[in-house]
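Colleague: following is a predicted model, sequence given first.
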Amino acid sequence: MLGLFKLFALPANVLLVLISEDFSPEKQLLFGVGYCLFMLALFWVAKTYPPKKINDFYGYRTQRSMANQDVWDAANSFSMKIMMKVSLWSFGFPVVFYFVLPEYNFLGVCIGNTALILSSIFFTERYLNQHFDKKGNRK
């Protein structure tokens with residue numbers, strides 16, 4: 001039970017730091033840019049070392065993308081191109097939020113990045129619809 005408490009205590013402590021007065025707008029700007037750099041690095045690694053085979057651990061995993069190896073390769077290649085663009089666009093969030101809502105900069109960056117990442121699912125599925133039928137055969 002104590003281990004479970006420690007697991008939930010860490011995010012609570014991070015949240016307390018984020019809303020404390022010591023977390024100045026300048027620190028939030030740095031954290032926001034750092035978060036964007038982390039996401040860029042994460043997507044760069046995923047693009048550089050794409051998953052070779054269909055798996056449940058790593059890569060763009062939806063029921064549609066896991067239909068066969070051809071769909072899997074196309075979905076992972078396309079989604080990582082989108083994710084790299086998204087991560088580059090996300091560097092605008094810390095700057096914008098620094099001037100618009102400086103006290104909620106980091107929160108705004110996290111929400112904005114999440115929205116952009118989720119939008120990549122829409123674009124990847126649309127790409128798969130344009131290039132593959134429902135059974136995974138190329139059109």
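Modeller: Done, it's in.
Colleague: pull out the buried positions in the host helix or strand of V71.
Modeller: Using DSSP states H and E, V71 maps to helix 69-89. Buried residues in helix 69-89, counted by 16 or more other CB atoms under 10 Å: 71-76, 78-84, 86-87. Every C-beta, even on glycine, is put in place using the N, C-alpha and C of the backbone.
Colleague: what packs against the next helix or strand after it?
Modeller: Sequence-wise, the next helix or strand downstream of helix 69-89 (DSSP H and E) is helix 92-100. Under the contact definition 3 or more CB pairs under 8 Å, 6 or more residues apart in numbering; DSSP states H and E, helix 92-100 sits against helix 25-48, helix 105-131.
Colleague: F38: which of the buried residues of helix 69-89 is nearest?
Modeller: Closest approach between the buried residues of helix 69-89 and F38, by CB to CB: S87, at 9.3 Å.
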